[in-house]
Each structure stands twice: as C-alpha cells, then as structure tokens.
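1. Fold the following and give me the result.
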Amino acid sequence: MAIIHPFKGWLPKAEHADDVACVPYDVISTEEALEMAEGKPESFLHVIRPEIDLPPGTPFYDAAVYEKGAENLKKLLKSDIYYQDEKPAIYIYQLETANHTQTGVFTCASVQNYDEDVILKHELTRPDKEDDRTRHILTQSAHAEPVMLTFRDTADIAFLIEKITITQPPLIEHEGEGGVTHRIWKTHATADFVEGFSTIKNLYIADGHHRCKSASRVAEQLRKKKGSFPGEAEFEYFPVVLFPMDQMRILPYNRVIKKVSGKQWNHLKKTFAPLESSEKEPSEPGKVSIYYSGQWWELTLPKPASENVVDSLDVARLQNGVLEPLFEIQNPRTDENISFVGGIRGTKELEKLVDSGKAELAISMYPTSIQELLDVSDQGELMPPKSTWFEPKIKSGFIVHTF
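-> Okay, here's the model as predicted:
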C-alpha cells in the first residue's frame, strides 16, 4: 500500500517564482551553478549548491558548505519571498512543452514505504553521494528538493488531478528553460488523494535515488536520537512528485568513447557489419547509431546474454556484447574511456565531441521504455548505469518540506 503524506509546504510568492526556481542540484556542476546564480540572490541554487557562496577552492564536503546551505535556506524562508501553508496540502505539478504534458501529485512519500520496497528502485546509490545529501538534509532540517516517482495510474487519481487543474488557476506559472512551462496548484481536500494512493501497490523511482536513500538514513538517525517510531514524525516523510507512467517521457542516454584504436574499429566492422547510414538515431529497439570519423553507421546489437529482463535492455546488450569485449570497458561506472551524454543534448552534441577530438566514437541509443523500467524494478533487479534520462525535469525551489 502506497502511503502519501500531505504537508505544510513552503512556497515562493507568485511574483518571486521566476527568481527562485532553478534546475536540480545534480544536473549542473559548481561552475555552471555559479554562472546561473550570478546576480540572482533569490535563486534556490544558493540552497542546493551553497558552495557557490564560499571562497573558490573550498572542499566540496567541507562543513562550511552544509552550514551555508542551511543559512541560505533559513534566510529565504524568513524573508517575504516565501510563505508556509497553514495546514497540510496536496499540490499538483504540471510540466508542459510544445508536444508533451505531464501532470503529477506533489506530496510526501513515506520512508517506511521506501525501506519496505513499496517504493522500488532500479539503480545503485553511491555512499559518498548518500553522505552528501544526508548531511544537507540534517543540517537544513528540510528536504529541499523533491524526488520524481512514477506509478500505474487509476481513473480515481486521474479524476482528482483533473478536477483541480480544470477548476482552479495555478498558484505558480513559470516559463523555464527549453520551452518548459511549470505550473503548481494546491488543495487542502487531501483525504481522497490519500485514499486513492492507498490502492496503489508500488511506486517507482524515476529520478532521485540518492535523495530517497538519504531521506531513509536521516529518518533512521533522528528516530534513534528522538526515540520515535517509524511514521510518527515529520522527518519520516520526504517530498516527491508522482507522475502517471503513461505520461513519463524518457530520452536516450548516449555514450561516447574517448579512445578507439584502428584495430578495435576494424574488429567492430568485421564482427557486426554495421551499415553506413544517414540516420543519426536508431529507428527501433535493438539497434544503435554510431558516429566515427565523420560518418554515421547503423549497428544491430548482439542478442541478450540471457533471458533476464536486465540483459534484454539495449544498454545491457551494448555493454555485454560490444563495449566490454571490443573496447575492454568492463565497468562503465568507473572506466575513464567512456562518458555519457543525456539525450536532451541531441546528436549534434555527439558529433561535436567527436569532431573536436574530445572523443573518437559516439553511440546514439534507442530510449529505454517506462515499461522496461517497471519490469526491472518489479523483479528486484538493477538497471545498468545511465540507462534513462527523464525529460522534462522538475525544478527546485517551488515547494520545500521542513521538519
């Protein structure tokens, strides 16, 4: 049973939403955050990337970074920029582009659901990133950014969402980067939403595995410190946006290989007989497009190593059948000869990297489907690294959960 938890969110006043809203912490570097926040003292980047307000060279995990983030959040919430709802609410978050719309429920999920695998994962988490997010949450006494989850929709939940978006104007409407419009609605009539989600068997992490794990670690630490029980305190819940699975949009996560020998390329041609092509993206699952020496090629991936759902994924077939045996890339998480490019950057970025000499070969992937993600999660398996790129992405700063 999925548990959702309405909460008293902190929201920017509508006139400040454009100044506050920012991209999530994990899609930009410190240098990019510094550039984006320049001349924008209200930007939420000062909360989620507080190192930008410290002297250059400050260690990323220095205590001063976490203290600065807490200081910046406290300052924002005490200013006239933000206000807190007087009673628990459910929020609706809509993302709209020229050819795509997805509308989800912004609420809190239960740490207990995460610990008991009601909320299912599909990626490994790194201890260093867990530690980082855990320290931010504990120091700020807040979950500053939501996690993106997905679920198998029901008619009841769809009706509840539509009733709000049709009958009410949004509290916030923000025109973001890339032509994405972000809208926020609110309702204090939360009981029907809580009941509606109680019929959902599983929720699935789309984006935000480290935030989920860190929320669990925070709850475990504070539970011991305060002598409370699971589900009892506000820190037992963390903010999420729940999007119906049929509205989720996944782009490919492409690959570039920095060094390729002539012997390796000849071996690839002899083994897989790729065809020269004018197409830069694969037309169907089981194929990839390869850019090498100014020419695009179409390659049919080798058959899966087994009938396991993970081995059947294109990213696994590429890794097991091509990257490891031909290019000796055994662990794509750590091998310095491979890097990853989110599909939002397009094939022009792949060509640019190869043509500039920063890489020697690029691979354009067919996107993983949302059904594949659910199948992997349902079987308790893990996806290969960099299997999915969700787009559009939710922004930070619209709603903050404190405890």
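2. Does T107 lie in a helix or a strand, and which?
-> For T107, the host element (DSSP states H and E) is strand 101-110.
3. For that strand, list the C-alpha coordinates in CSV.
-> C-alpha atoms of strand 101-110 as CSV (Å, rounded to 0.1, in the frame of the first residue of the first chain):
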residue,chain,number,x,y,z
THR,A,101,2.4,17.4,-21.0
GLN,A,102,2.7,15.5,-17.7
THR,A,103,0.8,16.3,-14.6
GLY,A,104,1.6,14.7,-11.2
VAL,A,105,0.9,14.9,-7.5
PHE,A,106,3.4,16.8,-5.4
THR,A,107,3.2,15.4,-1.8
CYS,A,108,5.4,13.5,0.7
ALA,A,109,6.1,9.8,0.5
SER,A,110,6.9,7.5,3.4
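4. Quick check: buried residues in that strand?
-> Neighbour-count burial for strand 101-110 flags Q102, T103, G104, V105, F106, T107, C108, A109, S110 (criterion: 16 or more other C-beta atoms under 10 Å). Yep, even glycine has a C-beta here, placed from its N, CA and C like the rest.
5. same deal with stretch 146-158?
-> For stretch 146-158, burial by neighbour count (16+ other C-beta under 10 Å) applies to P146, V147, M148, L149, T150, F151, D153, I157.
6. Could you do stretch 177-197 as well?
-> With burial defined by 16+ other C-beta under 10 Å, the residues of stretch 177-197 counted as buried are V180, T181, H182, R183, I184, W185, K186, T187, T190, F193, G196, F197.
7. what is the second one paired to in the beta sheet?
-> When bridges are assigned using DSSP bridges, the partners listed for T181 are E96, E175.
8. can you give me the strands in the stretch 1-150 of the chain?
-> Per DSSP state E, counting those that start in this stretch, the stretch 1-150 of the chain carries strands over the ranges 4-5, 10-12, 82-84, 90-96, 101-110, 119-120, 142-143, 147-151.
9. Quick one: closest of those to S312.
-> strand 119-120 (18.4 Å; C-beta to C-beta).
10. Show me what that closest one packs onto, helices and strands only.
-> Helices and strands touching strand 119-120, by 3 or more C-beta pairs under 8 Å, 6 or more residues apart in numbering; DSSP states H and E, are strand 203-207.
11. and the strand it packs on with strand 101-110, angle?
-> Angle, strand 203-207 to strand 101-110, by axes from the mean of the first three to the mean of the last three C-alpha atoms, to 10 degrees: 110 degrees.
12. Endpoints of stretch 185-200, how far apart?
-> 23 Å (C-alpha to C-alpha, to the nearest Å).
13. Now name the helix or strand holding P282.
-> P282 belongs to no helix or strand, assigned by DSSP H and E.
14. Nearest residue to it in space, please, no chain neighbours.
-> Excluding its sequence neighbours, the residue lying closest to P282 (C-beta to C-beta, 6 or more residues apart in numbering) is Y366, at 4.4 Å.
15. Could you give the number of residues near the one you found?
-> 18 (other C-beta atoms under 10 Å).
16. That one and L299 touch, don't they?
-> No. Counting by C-beta atoms under 8 Å, Y366 does not reach L299; the two are 11.6 Å apart.
17. Overlap in contacts, the two.
-> Common neighbours of Y366 and L299 are listed as K287, V288 (criterion: C-beta atoms under 8 Å, 6 or more residues apart in numbering).
18. wait, doesn't K121 sit right on H209?
-> Yes. Counting by C-beta under 8 Å, H209 is a contact partner of K121 at 5.8 Å.
19. any low-confidence regions in the stretch 1-150 of the chain?
-> Filtered on pLDDT under 70, the stretch 1-150 of the chain yields no residues whatsoever.
20. In it, mark out all the helices, start to finish.
-> 17-20, 30-37, 45-48, 63-78, 111-115, 127-140 (DSSP state H, counting those that start in this stretch).
21. Next, the contact list for I257, please.
-> L323, F327, I329, N337, I338, A359, E360, L361, A362, I363.
22. give me the number of residues near the second one?
-> Just to be clear, that refers to F327. Residues near F327, counting by other C-beta under 10 Å, number 20.
23. and the gap between it and L318?
-> Noted for F327: a distance of 10 Å to L318, by C-beta to C-beta, to the nearest Å.
24. Now do the most centrally placed residue in the chain, the pLDDT please.
-> Central residue of the chain (C-alpha atoms, centre = their mean): D207, 2.8 Å from the mean position. Predicted confidence (pLDDT) for D207: 93.
25. circling back to that earlier point, most packed of the helices of the stretch 1-150 of the chain?
-> helix 45-48 (a mean of 26; mean count of other C-beta atoms under 10 Å).
26. just to revisit the earlier point, just list the residues touching the residue nearest to P282, thanks.
-> P252, E281, P282, E284, P285, G286, K287, V288, D314.
27. ok, so of these, who is nearest H5?
-> In terms of C-beta to C-beta, no member of the contacts of Y366 lies closer to H5 than P252, at 34.5 Å.
28. can I get the helices of the stretch 1-150 of the chain in TSV with distance to F390?
-> Below are the helices of the stretch 1-150 of the chain laid out as TSV (distance: least, C-beta to C-beta, whole Å):
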stretch	distance to F390
helix 17-20	22
helix 30-37	19
helix 45-48	18
helix 63-78	25
helix 111-115	19
helix 127-140	18
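29. List the beta-bridge partners for F390.
-> Bridge pairing for F390 - DSSP bridges - gives I250.
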